[in-house]
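Q: next come a sequence and a model predicted from it.
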There are 2 protein chains.
Amino acid sequence: MNLDLNRIRFVSLREKIMPAEQAIQLIKDNMVIGMSGFGGAGEAKTIPLALAEYAKTHPLKITFATGASLGNKIDQKLCEAHVIARRLPYQADPTLRKAINAGEVMFTDQHLSETAEQMKHHVIQKPDIAIISAIAITEDGQIIPTGSVGNSAIFAELADQIIVEIDRTISPDLEGVHDIYIPKARPNRGSIPLTQVSDRIGTQGITVNPDKIVAIVFNDLPDTSASMAEPDQETLAIAKNLINFFEKEVEIGRLPQNLGPLQSGVGSIANAVFSGFEHSSFTDLEMYSEVLQDCTFQLIDSGKMKFASGSSMTLDTCADQVMQNFEQYKDKIVLRPQDISNNPELIRRLGIIAINTAIEFDIYGNVNSTHVSGTKMMNGIGGSGDFTRHAHLAIFVTKSIAKDGAISSVVPMVSHVDHNEHDIDILVTEQGLADLRGLAPRERAREIIDHCAHPSYKAALNDYFDRACQRGGHTPHILNEALSWHAKFEEQGHM
Amino acid sequence: MNLDLNRIRFVSLREKIMPAEQAIQLIKDNMVIGMSGFGGAGEAKTIPLALAEYAKTHPLKITFATGASLGNKIDQKLCEAHVIARRLPYQADPTLRKAINAGEVMFTDQHLSETAEQMKHHVIQKPDIAIISAIAITEDGQIIPTGSVGNSAIFAELADQIIVEIDRTISPDLEGVHDIYIPKARPNRGSIPLTQVSDRIGTQGITVNPDKIVAIVFNDLPDTSASMAEPDQETLAIAKNLINFFEKEVEIGRLPQNLGPLQSGVGSIANAVFSGFEHSSFTDLEMYSEVLQDCTFQLIDSGKMKFASGSSMTLDTCADQVMQNFEQYKDKIVLRPQDISNNPELIRRLGIIAINTAIEFDIYGNVNSTHVSGTKMMNGIGGSGDFTRHAHLAIFVTKSIAKDGAISSVVPMVSHVDHNEHDIDILVTEQGLADLRGLAPRERAREIIDHCAHPSYKAALNDYFDRACQRGGHTPHILNEALSWHAKFEEQGHM
């Protein structure tokens, strides 16, 4: 117990320690709750799980804002207890996804950089209560986050009341890895003083008025381990296509030897690409990304990567090794609020190479990264828009076919546009790489069909494109056929 | 002639004066030419017109990059002479549009902030020759732009050779109104030090190595006068709806009394909105926009607007009055390079209210601002994406119907997405205003159909939405019907 109390170094706050069952009495029907959690790491656990239990017998409806996705099936349990009226800005839970697609939960799918901005400037409602996962509270009342920062800082700043969850599963050694900077409110904002990936511009913890901390609970549930699919033949081919491209760009002097700061979406393809860097000629790699995965730490271990900035650490097999030896990574990584990790000002300034995964893309380079068949939400746009729109090179990767070939990931027209033709530079499948830089739509179609489409769909794509071109237009389409591939899949089970 | 020479104050450069017919010999087949011109103002004239004439008998193919649209039918004449192989980043010429839609000219339709960025960082080809329209060349060799800055500064910096057109039609009094700042190349860029709309962060002219200036010609063609349609009943109603909304936002404290910096697309609706400010309660208005139109200067004249920042002055009936009394505006306006006027870093920092015109939007809030029926290019995305994506409030306006009601501007699914559902805050037609902030797609549909759709299309939109909801999905759609309104219009002449 002494050890636990040592985590609350602002002594008078120790009076606020209480059981979760008591703390949740602060949460009232129709409130907006801002909770820690990003990429399935560092989420608040004790309070939402107690709330889900309580709500089984005491119905209430809450708007839940987080950083991004949550671990420990928290979204599932809250959803099953029918507590979630609205959810933002991202989720990745199968049960919640089902409720969203049934229209039972309103999902405000946002660019991850924008929730903080919009709450601060009265575009959307600010949280009534913030539930912040913490390693410790310092002598001067700063809240030290855990394995993710996400929106914790802004939630704590804007909420009327704060509940802190002291996470006893996280090593106190993490203290010092966070860099908390909150941009000033407009109109006197000024520039964000970060000019290099490794810059520290803020404080180690979240500065709050300690009087706002109304409850402290302890948590003993560890972060869920991320489980990453092993690379297969296709993801390895995608990684190879991309790394070959990078090598050529360096060779002709269009990219520096370390490529510039890298961002990567979460997933097995991204993981394969980053593993591919291990055996590449690139040196002094840097990341300016959201989620630091196993591959980040492996590249640091091998000396390939010199610094990684993110908002969250989502670890799988590396988790124990990293957490138990955290001191050795502390000068090589930093965790930031997501409106800094994903900030357009900084992404444009730093010149980031952004690598994200598409559900599908079309022959003109529009990308769908959220909606299956244009209707069903998968997870959300996440940070892919923040990075794509401002990247030095905006890259999307996907396998050229899905469901054993029943679906082509390259289609005449995407069924939902998350990233439009103006913003995409490079598309990659296991078939090859389409370089769209500076091209007009008709040129892009040639490049995409030739290099990215699966052989079994090439003839049909060429046929569509040829017939569309005969009708004319800057972006030739046959409107009553454009979405017919998706409609056919819905009706017949294949495109 | 003395007066003309006074405009070339770097004396040794006077040797470079030559007739346009001689200067165009520098331009070779397959070159990339970067030319002044933005919003039909301040474009290079003498050289491109001489080139169009020359090409009638001496075929050659050129990539033309500009700031944005050109006046004096320059795009038309170059297009008719078949000189344009590729055009970027924007155009607004009927003849060129036709050639683009026929696939004869490759059009690289870009966000206006990105051309400079992409050329500087080897994403697209840099210009071989820059043709820069200038009021004067200073004692130290700075080139002073004319009625627009656009991409002139970056073209002059990157080109191997520069041809300067001294524009004798523009008052020398404009010298001092420009503020030329070129962000440093990565990786050592640093922040752009602009924190207020009126900040001056650069030099009055474009700094170049004078040795790169290989030719100087004179121009006597004035800028084309912009001709703006008078407000009609619908545009006035749109303006009223929007101003009512602003008044309520100020009343409840969500917007400051001066609203914050305003951006506006070019056109009669935007003009009507800005004219509406004249009789509003707002004070100390500021613009941080691309094109300063008549209405900007009228608001300055009446004391409503305290400062306006843009990249171009596109004037109609105000032109003579403004140009002849320019000294009185000089401390109230500034003209910047378009990668500064449209810079995401600055737009986000300043918290801009962005008002742009849509061709159509759909019931979920996706906006098409470029393609008629998803295929035919109208003008280009211009700056609408630069502003929308980073604005404090992203607003699109349009009349609810077009072609006497044969077309609904509110459709089940837009036929091309330039701005997606994640980025749109407010939609306005003459019917009313849809406030989409924080809403999920199904909620947006209700808001948009109820408040923006024309009464003659409401039943059909509700019918589509209801049937789509029965099928489910976060964003309910019936894929083989989603674009049927456009297909029907193509076949039957009405939706």
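A: Received it, and whenever you're ready, just let me know what you need.
Q: which secondary structure elements does the longest helix anywhere in chain A contact?
A: Ranked by number of residues, the top helix in chain A under DSSP state H is helix A:233-251. Where contact means 3 or more CB pairs under 8 Å, 6 or more residues apart in numbering or on different chains; DSSP states H and E, helix A:233-251 is packed against helix A:268-277, strand A:393-397, strand A:426-429, strand A:432-435. (C-beta placed from N, C-alpha, C; glycine too.)
Q: same list (the ones you listed) but as TSV, adding mean pLDDT and mean neighbour count.
A: Shown next, in TSV, are these (pLDDT from 0 to 100; neighbours: other CB atoms under 10 Å in any protein chain shown):
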stretch	mean pLDDT	mean neighbour count
helix A:268-277	85	23
strand A:393-397	97	26
strand A:426-429	98	26
strand A:432-435	98	20
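Q: what about those, which gets the closest to B:Val410?
A: Evaluated with CB to CB, these place strand A:393-397 nearest to B:Val410, the distance being 30.1 Å.
Q: partners of whichever helix or strand comes after that closest one, with directions?
A: Sequence-wise, the next helix or strand downstream of strand A:393-397 (DSSP states H and E) is strand A:401-402. Next to strand A:401-402 in the sheet, as set by DSSP bridges, lie strand A:407-408 (antiparallel).
Q: and the contacts of the strand it pairs with?
A: Residues outside strand A:407-408 that contact it (CB atoms under 8 Å, 6 or more residues apart in numbering or on different chains): A:Glu360, A:Ser400, A:Ile401, A:Ala453, A:His454, A:Ser456, A:Tyr457, A:Leu461, A:Trp485, A:Phe489, A:His494, A:Met495.
Q: sketch out the low-pLDDT regions of chain A for me.
A: Within chain A, the segments meeting pLDDT under 70 span A:1-3.
Q: A:Thr138 contacts A:Phe10, doesn't it?
A: Yes. Counting by CB atoms under 8 Å, A:Thr138 does reach A:Phe10; the two are 6.7 Å apart.
Q: number of nearby residues for A:Asp466?
A: Applying other CB atoms under 10 Å in any protein chain shown, we find 11 residues neighbouring A:Asp466.
Q: ignore the last one, A:Thr317
A: Counted with other CB under 10 Å, A:Thr317 comes out at 12.
Q: and A:Ser194, what does it touch?
A: One thing to correct before we go on: residue A:194 is Leu, not Ser. Contacts for A:Leu194 (CB under 8 Å, 6+ apart) come out as A:Tyr181, A:Ile201, A:Ile340, A:Leu346, A:Arg349.
Q: nearest residue to the closest residue to chain B within the stretch 251-400 of chain A in space, please, no chain neighbours.
A: Closest to chain B within the stretch 251-400 of chain A is A:Thr375: 3.1 Å, counting by CB to the nearest CB. The shortest distance from A:Thr375 to any non-neighbouring residue, by CB to CB, 6 or more residues apart in numbering or on different chains, is to B:Gly473 (3.1 Å).
Q: repeat that for A:Phe396.
A: Sequence neighbours aside, A:Ala358 is the residue nearest to A:Phe396 in space, at 4.2 Å (criterion: CB to CB, 6+ apart).
Q: quick check: that neighbour touching A:Thr370?
A: No. A:Ala358 lies out of contact with A:Thr370 (CB under 8 Å); the separation is 10.0 Å.
Q: burial check on A:Ile407, number of neighbours?
A: 23.
Q: now the contacts of strand A:407-408: which count as buried?
A: The neighbour-count criterion (16 or more other CB atoms under 10 Å in any protein chain shown) marks A:Glu360, A:Ser400, A:Ile401, A:Ala453, A:His454, A:Tyr457, A:Leu461, A:Trp485, A:Phe489, A:Met495 among the contacts of strand A:407-408 as buried.
Q: which members of the residues you listed are positioned in helices?
A: A:Tyr457, A:Leu461, A:Trp485, A:Phe489.
Q: out of these, which is nearest to B:Ala270?
A: A:Trp485 (38.5 Å).
Q: show me the contacts for that closest one.
A: The contact partners of A:Trp485, taken as CB under 8 Å, 6+ apart, are A:Ser408, A:Val411, A:Pro412, A:Met495.
Q: who wins for most neighbours among those residues?
A: A:Val411 (26 neighbours).
Q: phi, psi for that residue please.
A: phi -130, psi 160 (degrees, to the nearest 10).
Q: so it makes contact with A:His486?
A: Yes. With contact defined as CB under 8 Å, A:Val411 counts as touching A:His486 (7.1 Å).
Q: common neighbours of those two, please.
A: What both A:Val411 and A:His486 touch, as defined by CB under 8 Å, 6+ apart, is the set A:Met495.
Q: ok, back up a step: let me know the closest of the ones in helices among the buried ones among the contacts of strand A:407-408 to B:Thr95.
A: The nearest member of those to B:Thr95, counting by CB to CB, is A:Leu461 at 31.8 Å.
Q: distance of that closest one relative to A:Ala445?
A: 8 Å (CB to CB, to the nearest Å).
Q: go on, A:Ser171?
A: Per CB to CB, A:Ser171 is found 52 Å from A:Ala445.
Q: more neighbours, the two?
A: More crowded of A:Ser171 and A:Ala445, by other CB under 10 Å: A:Ala445, with 26 against 14.
Q: so the more buried one sits in a strand?
A: No. Using DSSP: H, G, I helix; E, B strand; the rest coil, the secondary structure at A:Ala445 is helix, not a strand.
Q: what about it, distance to chain B?
A: Distance, A:Ala445 to chain B, using CB to the nearest CB, to the nearest Å: 11 Å.
Q: how about the helices in the stretch 201-350 of chain A?
A: In the stretch 201-350 of chain A, the helices defined using DSSP state H, counting those that start in this stretch lie at A:233-251, A:268-277, A:294-301, A:319-324, A:338-341, A:344-350.
Q: distance from the fifth one to the middle of the chain?
A: It refers to helix A:338-341. Offset of helix A:338-341 from its chain centre (CA atoms, centre = their mean, to the nearest Å): 11 Å.
Q: C-alpha coordinates for that helix, PDB please?
A: This file holds the C-alpha atoms of helix A:338-341, laid out as PDB (Å, rounded to 0.1, in the frame of the first residue of the first chain):
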ATOM      1  CA  GLN A 338      -2.700  13.300 -30.300                       C
ATOM      2  CA  ASP A 339      -3.300  16.800 -31.400                       C
ATOM      3  CA  ILE A 340       0.500  17.200 -31.500                       C
ATOM      4  CA  SER A 341       1.400  13.800 -32.900                       C
END
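Q: thanks a lot, catch you later.
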